[in-house]
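> 3D, please:
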Amino acid sequence: MKVIPFQVPKINKEAFRIQTDSAPKFYDKLHQHPENQIMLIKKELEP
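Okay, the predicted model is just below:
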């Protein structure tokens, strides 16, 4: 699998960024960037 270089866009001089993504599938590309990333992946319960 090829590693894709990725640049996280920065706004001003932010120290932290919180981002919420909602999609039926997870981003499946192996990528790298110099920033640290903490992720929480939640599986939604079916009704």
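
> bridged to the closest residue to residue 6 other than its chain neighbours, which residues?
Nearest residue to residue 6 in three dimensions, chain neighbours excluded: residue 31, at 4.3 Å (Cβ to Cβ, 6 or more residues apart in numbering). To be clear about C-beta, it is placed using only N, CA and C from the backbone, and glycine gets the same treatment. Going by DSSP bridges, residue 31 is paired in beta bridges with residue 4.

> which ones are touching residue 2?
residue 30 (Cβ atoms under 8 Å, 6 or more residues apart in numbering).

> and the pLDDT for it?
If you check residue 2, the pLDDT there is 88.

> now do the SS call for it.
The three-state label given to residue 2 by DSSP: H, G, I helix; E, B strand; the rest coil is coil.

> contacting residues around residue 33?
5-8.

> on the pLDDT front, check it for me.
Looking at residue 33, its pLDDT stands at 87.

> and it, how far is that from residue 2?
Here the distance between residue 33 and residue 2 works out to 15 Å (Cβ to Cβ, to the nearest Å).

> repeat that for residue 41.
Look at residue 41 and residue 2: by Cβ to Cβ, they are 23 Å apart.

> now do residue 13
For residue 13, the distance to residue 2 - Cβ to Cβ - is 32 Å.

> show me which pair in the contacts of residue 33 is furthest apart.
Farthest pair in the contacts of residue 33 (Cβ to Cβ) is 5 and 8. Separation: 11.2 Å.

> list the contacts for residue 3?
The neighbourhood of residue 3, defined by Cβ under 8 Å, 6+ apart, consists of 30-32.

> from the residues you listed, pick the one nearest residue 21.
residue 31 (14.3 Å).

> count residues in the vicinity of that closest one, would you?
By other Cβ atoms under 10 Å, 11 other residues sit near residue 31.
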